[in-house]
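**Q** The following comprises the amino acid sequence and a computationally predicted model.
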Amino acid sequence: MITREMPGARRVCVLARGGAPAPWEPPSFPGRPGPSLTTCAAFLLLATGCALHVRHGLVAELRRSREIAGATQRVLLRPLPGRMDGLAVAAAQLSASRGAAVGGDLYEAVTTAYGVRVVIGDVRGHGLAALGAAAAVLGSFREAAHDEPDPAGVLRRMERSLERHLRERARAEPPSARPQGPRSPVAEEFVTVLLLQIAADGTVQALNCGHPWPYRLDPAPVSVPPGPPASRTVRPLAGGETLPPLGVLPLPPDLRSRPCGELGPGEVLVLYTDGAEDARDRRGRFFPLRGVLAQAPAPTPARLVAGVHAALLRHTRGRLTDDVTLLVLRNDRGGRGGRP
């Protein structure tokens with residue numbers, strides 16, 4: 001008998017003496033798939049289970065990361081009170097990174113025996129390195145603002161805290177990750193800072209280390225309906241000399257705060273980071289922050305911040321390239337009421 005392979009995995013048996021060919025097939029059992037199909041199904045179920053397990057792990061890790069980021073934001077950039085010593089206050093940040101809660105911007109305002117002291121700044125870069133520098137600067141400000149009688153003393157302590165943070169960061173890095181010279185990451189770390197003091201009589205003093213000067217808004221004019229809202233006068237706060245950012249050059253030995261006039265009843269100060277005026281639309285046009293402030297009819301600092309952020313997102317279509325922080329203060333002293 002001769003046996004040979006035929007197409008279709010059939011074996012044909014031929015009798016040597018002219019017998020008729022008789023096809024033969026492997027036996028099959030109803031309801032039981034072949035071994036190949038069973039193996040494929042098992043592997044498919046195993047791969048699906050692994051993929052679901054990995055996906056659930058990533059979702060849980062992302063949820064934990066967002067919770068940690070939210071807790072970090074509440075500690076680092078804690079919410080400001082709506083009113084501080086007769087000033088209505090509001091602040092908020094827009095992050096350029098989708099899903100990020102904390103960027104490279106920093107701000108704080110505290111009531112002290114010397115007046116309301118405010119700081120806003122921008123750390124070079126993003127990520128954990130920027131977060132550590134911001135924490136060092138804000139931590140020193142929160143302590144020194146109550147202790148130092150002059151804003152210059154507050155700024156010096158912020159500088160020392162930043163220097164100490166950068167030294168400790170450099171020592172913590174392994175030698176292979178510590179390039180020396182001007183290309184060292186630590187050598188390139190700096191923070192822009194604007195420090196303001198608003199005394200009880202409205203007198204404003206300032207120290208500026210490489211940060212944009214704030215805008216001063218006159219009291220909101222009264223609009224007569226049904227006409228359009230009346231525009232308000234917007235002027236940069238004149239503060240004199242601008243020093244280099246902290247971390248670039250040492251502060252001068254004869255450092256003194258600069259008088260910037262007075263913040264009268266109903267007047268508003270708008271502090272911001274450079275991401276606001278540097279934001280562009282698809283045609284490359286910069287965001288007209290000054291013009292938006294002039295037309296903003298917002299009756300409270302909180303609504304002013306929300307209105308500017310909304311206009312900024314419309315201008316960029318939600319595509320920010322840098323973090324944007326606004327901090328607004330309105331003088332409600334002198335018999336002018338109002339709720340923040």
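**A** Yep, that arrived.
**Q** Show the residue spans covered by the helices in this structure.
**A** For the chain, helices defined by DSSP state H occupy the ranges 35-76, 127-147, 151-172, 275-278, 289-295, 301-316.
**Q** Present the ones you listed as JSON lines; the columns should include mean pLDDT and distance to residue 111.
**A** Every residue, glycine included, has its C-beta placed from N, CA and C. Below are these laid out as JSON lines (pLDDT from 0 to 100; distance: least, CB to CB, whole Å):
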{"stretch": "helix 35-76", "mean pLDDT": "69", "distance to residue 111": "20"}
{"stretch": "helix 127-147", "mean pLDDT": "89", "distance to residue 111": "9"}
{"stretch": "helix 151-172", "mean pLDDT": "92", "distance to residue 111": "14"}
{"stretch": "helix 275-278", "mean pLDDT": "92", "distance to residue 111": "26"}
{"stretch": "helix 289-295", "mean pLDDT": "94", "distance to residue 111": "26"}
{"stretch": "helix 301-316", "mean pLDDT": "95", "distance to residue 111": "16"}
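**Q** right, and the ones you listed - which one's nearest residue 256?
**A** helix 151-172 (5.6 Å; CB to CB).
**Q** That closest one relative to helix 127-147, how many degrees between them?
**A** Put simply, helix 151-172 runs at 150 degrees to helix 127-147, going by axes from the mean of the first three to the mean of the last three CA atoms, to 10 degrees.
**Q** Could I have the CA atoms of helix 151-172 written out in PDB?
**A** Extracted as PDB, the C-alpha positions of helix 151-172 are listed here (Å, rounded to 0.1, in the frame of the first residue of the first chain):
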ATOM      1  CA  PRO A 151      11.500  94.700  51.300                       C
ATOM      2  CA  ALA A 152      15.200  94.600  50.400                       C
ATOM      3  CA  GLY A 153      15.800  92.300  53.300                       C
ATOM      4  CA  VAL A 154      13.100  90.000  52.100                       C
ATOM      5  CA  LEU A 155      14.600  89.800  48.700                       C
ATOM      6  CA  ARG A 156      18.100  89.000  50.000                       C
ATOM      7  CA  ARG A 157      16.700  86.100  52.000                       C
ATOM      8  CA  MET A 158      14.900  84.800  48.900                       C
ATOM      9  CA  GLU A 159      18.200  85.000  47.000                       C
ATOM     10  CA  ARG A 160      20.100  83.100  49.800                       C
ATOM     11  CA  SER A 161      17.400  80.400  49.900                       C
ATOM     12  CA  LEU A 162      17.600  80.000  46.100                       C
ATOM     13  CA  GLU A 163      21.400  79.700  46.200                       C
ATOM     14  CA  ARG A 164      21.200  77.100  49.000                       C
ATOM     15  CA  HIS A 165      18.700  75.100  47.000                       C
ATOM     16  CA  LEU A 166      20.800  75.100  43.900                       C
ATOM     17  CA  ARG A 167      23.900  74.000  45.900                       C
ATOM     18  CA  GLU A 168      22.100  71.200  47.500                       C
ATOM     19  CA  ARG A 169      20.600  70.100  44.100                       C
ATOM     20  CA  ALA A 170      24.100  70.100  42.600                       C
ATOM     21  CA  ARG A 171      25.500  68.000  45.400                       C
ATOM     22  CA  ALA A 172      22.600  65.500  45.100                       C
END
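**Q** Good, we can wrap up now.
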